[in-house]
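K.L.:
here is a sequence with its predicted model. Questions after.
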Amino acid sequence: MGRETVDAGAADCSHKGGALVAELSRLSLNQITTPAWNVGAAVEACVRHSVPGVSLWRHKISEFGLKQSVQSVRDAGLHVSSVCRGGMFPAPDAIERRAKIEDNFRAIDEAAALNADVLVFVVGGAAPVGIAAAREMVRDGIAALVPYAEQAGVRLGLEPLHPMFAGDRSVLTTVDEALDLAAPYAEDRVGVVLDVFHIWWHPNVLQQIAAASRRIMGFHVSDWPVPLPDTLLGRCMMGDGIIDLRTLRTAVDAAGYSGPIEVEIFNQAIWDEDPDAVLTRTKQRFLELV
């Protein structure tokens, strides 16, 4: 079946009313997918497109203002699936490491104000200090934040990234590593965020998802094109790559996760498109493939 035929069929679902709403009930727009929109515009677009959830990025919250961001999502009745992101712990000296902890305290405050399901953590790479020291700094950083997050009622979600990001973005590269880091803390306080772009390749990914069952706090979808044009900005729209999205979503559901499913796409070509067209296509592909 051609892409045009499939998308037209998905679009026809819009005439089924309640059935479409039910299918889209777990969809959340991660703001990085349509970065041309500020918080207010993203919220308005979600309402316009009947998308029930949104994930907000901290730099966008800062630009729009925290108070105004909170008011915007409340007035719209939108569910904030996550705030992106905390983390980035490794640093070569104690002063900088402390500054990073303080910034993460502010991230927790923002997630609490927005009543977000989870504060997503990208923990930081090896480059500043070496991989062994970076891992220790990540472990220490999480330990420093958990009491404050518990008091604020904010859940911390550790997101393992593909190993190609170990140098600059995350020394946390597998679900197993994330679970090990979360293990000392209550299951409802520190968990994992599973992003298909980062985990699809692992030969034991289904077993890892099952092992994560009580700690899954988020699920992100996109796709992996071949060839991958760029490490950071290379992910593509669902259906334009090779990831078996339905199998991974089924495994996450079977592990007990029933929360929002975020579409999170870093791709300059998509960013250059009309964001309304991107969101329309996002809904169609979500219905068809996720």
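P.N.:
Received it, and whenever you're ready, just let me know what you need.

K.L.:
for Ser170, give the beta-bridge partners.
P.N.:
Gly124 (DSSP bridges).

K.L.:
run a quick neighbour tally on it.
P.N.:
Neighbour count of Ser170, defined by other C-beta atoms under 10 Å: 27. (Glycine included, C-beta is placed from N, CA and C.)

K.L.:
give the contact list for it.
P.N.:
If you count contacts by C-beta atoms under 8 Å, 6 or more residues apart in numbering, Ser170 has them with 87, 122-125, 159-161.

K.L.:
just the pLDDT for Met237.
P.N.:
Note on Met237: pLDDT of 98.

K.L.:
what's the closest non-adjacent residue to it?
P.N.:
The spatially closest residue to Met237, leaving aside those adjacent along the chain, is Arg285, at 5.8 Å (C-beta to C-beta, 6 or more residues apart in numbering).

K.L.:
how about the contacts made by Tyr257?
P.N.:
Tyr257 neighbours (C-beta under 8 Å, 6+ apart): 213, 216, 219.

K.L.:
same check on Gly153?
P.N.:
Ala112.

K.L.:
give me the distance between it and Ile32.
P.N.:
Distance, Gly153 to Ile32, using C-beta to C-beta, to the nearest Å: 25 Å.

K.L.:
tell me where the longest strand sits in this structure.
P.N.:
The strand that spans the most residues within the chain, counting by DSSP state E, is strand 79-87.

K.L.:
SS state for the residue nearest to Met237?
P.N.:
Applying DSSP: H, G, I helix; E, B strand; the rest coil to Arg285 yields a three-state assignment of helix.

K.L.:
for the stretch 101-250 of the chain, what spans make up the strands?
P.N.:
Remark: strands assigned in the stretch 101-250 of the chain by DSSP state E, counting those that start in this stretch are 119-122, 156-158, 190-195, 216-221.

K.L.:
Throw those into JSON lines and include mean pLDDT and distance to Leu56, thanks.
P.N.:
Shown next, in JSON lines, are the strands of the stretch 101-250 of the chain (pLDDT from 0 to 100; distance: least, C-beta to C-beta, whole Å):
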{"stretch": "strand 119-122", "mean pLDDT": "98", "distance to Leu56": "11"}
{"stretch": "strand 156-158", "mean pLDDT": "98", "distance to Leu56": "14"}
{"stretch": "strand 190-195", "mean pLDDT": "98", "distance to Leu56": "15"}
{"stretch": "strand 216-221", "mean pLDDT": "98", "distance to Leu56": "13"}
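
K.L.:
of all the ones you listed, which lies closest to Trp57?
P.N.:
Checking those against Trp57 by C-beta to C-beta gives strand 119-122 as the closest, at 9.7 Å.

K.L.:
which ones are touching the residue lying closest to Gly87 once chain neighbours are set aside?
P.N.:
Sequence neighbours aside, Phe121 is the residue nearest to Gly87 in space, at 4.1 Å (criterion: C-beta to C-beta, 6+ apart). Neighbour list for Phe121: 85-87, 142, 156-159, 193 [criterion: C-beta under 8 Å, 6+ apart].

K.L.:
and what of Pro225?
P.N.:
The contact partners of Pro225, taken as C-beta under 8 Å, 6+ apart, are 234-236, 240-242.

K.L.:
would you agree Ala111 is in contact with Phe105?
P.N.:
No - Ala111 is not in contact with Phe105 according to C-beta atoms under 8 Å; the separation is 11.0 Å.

K.L.:
out of these two, which sits in the more crowded spot?
P.N.:
Higher neighbour count among Ala111 and Phe105: Ala111, with 28 against 15, using other C-beta under 10 Å.

K.L.:
got a list of what that one touches?
P.N.:
With C-beta under 8 Å, 6+ apart, Ala111 has these contacts: 82-83, 118-119, 152, 154.

K.L.:
center of the protein, which residue is that?
P.N.:
Central residue of the chain (C-alpha atoms, centre = their mean): His220, 5.1 Å from the mean position.
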